[in-house]
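>>> task: produce atomic coordinates for the following.
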Amino acid sequence: TLQLDRATDSGVVILCPGGQTVNLPDPSVAQDGDTYVVINVNAPTTGAITIDRSGFGGQNLNGAATNGTLPAHEAVTLIYTGAIFGWYGIGL
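Now for the predicted structure:
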């Protein structure tokens with residue numbers, strides 16, 4: 001499991017092995033426009049990455065209260081749009 005951290009991960013490209021879970025940052029510290037790019041490099045394990053929005057009180061992802069799935073060798077840009085609308089994943 002990879003916990004995205006605003007202080008170290010915002011605005012950088014994150015290479016993540018397949019089969020992992022990426023937890024979105026705590027919305028209490030997120031700011032509108034915070035951006036994360038996650039690439040499923042599919043190594044050393046195989047499979048999709050779960051983008052988990054539920055770790056901090058059930059945030060929304062792409063307008064819904066559901067997690068996202070990032071297939072092998074794909075990328076997503078995650079953007080925080082505020083407390084009301086939550087996270088949007090371009091590429092999910």
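>>> give me the residues contacting the one helix or strand residue 69 maps to.
In the assignment (DSSP states H and E), residue 69 maps to strand 68-70. Outside strand 68-70, the residues that touch it by Cβ atoms under 8 Å, 6 or more residues apart in numbering are 22, 38, 40, 48-51, 53, 61-62, 76, 89, 91-92. In this view, the C-beta of every residue, glycine as well, is placed from N, C-alpha and C.
>>> so which bits of it are buried?
The neighbour-count check on strand 68-70 (16 or more other Cβ atoms under 10 Å) flags 68, 70 as buried.
>>> just the ones of the contacts of strand 68-70 in strands?
Using DSSP state E to define strands, the subset of the contacts of strand 68-70 located there is 22, 38, 40, 49-51, 76, 89.
>>> quick one: which of those is nearest residue 66?
Checking the ones in strands among the contacts of strand 68-70 against residue 66 by Cβ to Cβ gives residue 51 as the nearest, at 10.0 Å.
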